[in-house]
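>>> Any chance you can model this:
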Amino acid sequence: MSGDADGSGASSAIEVVIADDHPLVLQGLRAVVSGTDDIRIVGEAADGAAAIEVVLEREPDVAIVDLDMPEVHGVEVTRRITEALPSTTVIVLTMFDDDDTVLAALRAGASGYLLKGTNGANILSAIRSAAAGTAVLDPGLLGGLAGRASQAPATAHQPFPELTVRERDILAHIANGLTNAEIGDRLHLSSKTIANNVSTILTKLRVTQRGQAIVLAREAGLGTKPQQTS
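This is a model prediction of the structure:
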């Protein structure tokens, strides 16, 4: 949790744990974060088991997790973290870009999925967005997920009957990767109103992470076409 644990006075800093079995990746993440005032690394791990232990001990705002780690796979690491600490958001940073792996990570509770090779600015933006409750997906992944959703068999019933028309519309925008502010602009609603609706949507869908809602929406065929402004 954000706080002044090290006595540095950075009480408002976003606290991050990084986990990767490649020392160069950890070194690179340290270098990216070192130039910021609002993000600080509070723990590191080189395998999945250690990642779980460090995150549970430090309770960071964000955990950046590799998938292909020894001891415990990153998908299982993500699942255990999000189940034990719903307040900690997980960003997967990996080289795997196949749809099955992406969906497995999102189903496990990841709120972000970035490919290794993305630049430092994108990583910092993802950390800040995840800490603010917004899901972050690498732009290169959205097309594949949309194509997969468009291949899903059509159903005669309206998806998510428990949602109102507005909530379903907002969910479709979420599935397209839009932030609360962007959805608000499209629907001419305040970001606060959108945030309240998103919270309700997650509750109705019985999920805790925005990324999980994206998976459900994509599999139901939402978010595969541009949404019209109202």
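>>> Now residue 83. Nearest residue, chain neighbours left out?
residue 109 (7.3 Å; Cβ to Cβ, 6 or more residues apart in numbering). Bear in mind the C-beta positions are built from the backbone N, C-alpha and C, glycine included.
>>> okay, now that neighbour: neighbour count?
By other Cβ atoms under 10 Å, 22 other residues sit near residue 109.
>>> Could I get the phi/psi values of it?
phi 120, psi 0 (degrees, to the nearest 10).
>>> Likewise for residue 170?
Main-chain torsions, residue 170, degrees, to the nearest 10: phi -60, psi -40.
>>> so how many other residues sit close to it?
26.
>>> picking up where we left off before, the residue nearest to residue 83 and residue 80 touch, don't they?
No: assessed by Cβ atoms under 8 Å, residue 109 is found out of contact with residue 80, at 9.3 Å.
>>> and the residue nearest to residue 83, how far is that from residue 159?
Counting by Cβ to Cβ, to the nearest Å, the gap from residue 109 to residue 159 is 22 Å.
>>> same question, residue 186
According to Cβ to Cβ, residue 186 and residue 159 sit 20 Å apart.
>>> residues contacting residue 54?
17, 19, 43, 44, 45 (Cβ atoms under 8 Å, 6 or more residues apart in numbering).
>>> 7 Å - rerun?
17, 43, 45 (Cβ atoms under 7 Å, 6 or more residues apart in numbering).
>>> The residue lying closest to residue 94 once chain neighbours are set aside and residue 217: what is the separation?
Computed as Cβ to Cβ, 6+ apart, the closest residue to residue 94 that is not its neighbour in sequence is residue 67, at 4.3 Å. Per Cβ to Cβ, residue 67 is found 23 Å from residue 217.
>>> More neighbours: which of the two?
residue 217 (25 against 22).
>>> Please, which helix or strand holds that one?
helix 210-219 (DSSP states H and E).
>>> now for that helix, which elements pack on it?
helix 99-107, helix 139-150, helix 165-175, helix 191-205 (3 or more Cβ pairs under 7 Å, 6 or more residues apart in numbering; DSSP states H and E).
>>> worst average pLDDT in those?
Of all the helices and strands packed on helix 210-219, mean pLDDT reaches its minimum on helix 139-150 (a mean of 51).
>>> before we move on, back to that, am I right that the residue nearest to residue 94 sits in a strand?
No: assessed with DSSP: H, G, I helix; E, B strand; the rest coil, residue 67 is coil; it does not lie in a strand.
>>> Identify the residues contacting the residue positioned nearest the centre of the chain.
For the chain, the residue sitting closest to the mean C-alpha position, by Cα atoms, centre = their mean, is residue 111 at 1.4 Å. Contact partners of residue 111, counting by Cβ under 7 Å, 6+ apart, are 89, 90, 91, 130, 135, 209, 210, 211.
>>> Please identify which of these is nearest to residue 169.
Closest approach to residue 169 among these (Cβ to Cβ): residue 210, at 16.0 Å.
>>> any idea how far residue 16 is from that closest one?
For residue 210 relative to residue 16 (Cβ to Cβ), the value is 18 Å.
>>> Check residue 52 too.
Distance from residue 52 to residue 16, by Cβ to Cβ: 16 Å.
>>> for the protein, what helix or strand is lowest in average pLDDT?
Within the chain, no helix or strand scores below helix 139-150, which has a mean of 51 by mean pLDDT, DSSP states H and E.
>>> Before I go, just wanted to say thanks for your time.
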